[in-house]
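S.K.: could you look at this predicted model? Sequence included:
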Amino acid sequence: MKKNLLKSALTFVIVMLLTCCTVFKVHAQRDSLLKIYNEQTIHTFGKFYIKGSKRLSFGELKPEFNSGITKDLYKKSKGNLILNRFFTITSVAALVTGAIIKKNNNGAAIALNIAGIGLNLGSKHFSKQSTELLDQAIWLRNKEILFGVQ
């Protein structure tokens, strides 16, 4: 009887030790994952991006995208951002020129204003596309950082 009781007690102690070790290991993994999340992932706030305690601009994000997919998405996003800026500047130039020549040539002014509005709508399209591509690249990058998936 004493032998069975001793065996049961020893088994209970071993199970408790293994359980405690497993709980501590899970706690340590969760803490390290939380640390990686807080220090390595990128979060979007308007035109700026936050990584850890640093604020990054669009241009400063380039070295963050290392895998082929995220790098390609970043490049496409940058191309759309350049097109957005080009269309915006051209739109403003057309609208200002239309306002200036309105006294002398009303028909040309109206045509320039319509072109300016169309260019502005085009710039909004490229801006939206750029934001969506960059958000997708950031999401994939964060997934790679957190889970080691590519």
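M.R.: The structure has been received and is ready for your questions.

S.K.: can you name the element that comes right after the helix or strand of the chain with the lowest mean pLDDT?
M.R.: Across the helices and strands of the chain, mean pLDDT, DSSP states H and E gives its lowest value to helix 2-40, namely a mean of 62. Next along the chain after helix 2-40, taking DSSP states H and E as the criterion, comes strand 42-45.

S.K.: strand partners (parallel or antiparallel) of that following strand?
M.R.: strand 48-51 (antiparallel) (DSSP bridges).

S.K.: quick one: average confidence on the longest helix seen in the chain?
M.R.: As assigned by DSSP state H, the longest helix anywhere in the chain is helix 106-147. Across helix 106-147, the average pLDDT comes to 93.

S.K.: what packs against that helix?
M.R.: The helices and strands touching helix 106-147, judged by 3 or more C-beta pairs under 8 Å, 6 or more residues apart in numbering; DSSP states H and E, are helix 2-40, strand 42-45, helix 68-100. For every residue, glycine as well, the C-beta is placed using N, CA and C.

S.K.: which parts of the last one are buried?
M.R.: Counting neighbours by 16 or more other C-beta atoms under 10 Å, one finds that the buried residues in helix 68-100 are 70, 73-74, 76-78, 80-81, 83-84, 87-88, 90-91, 94-95, 97-98.
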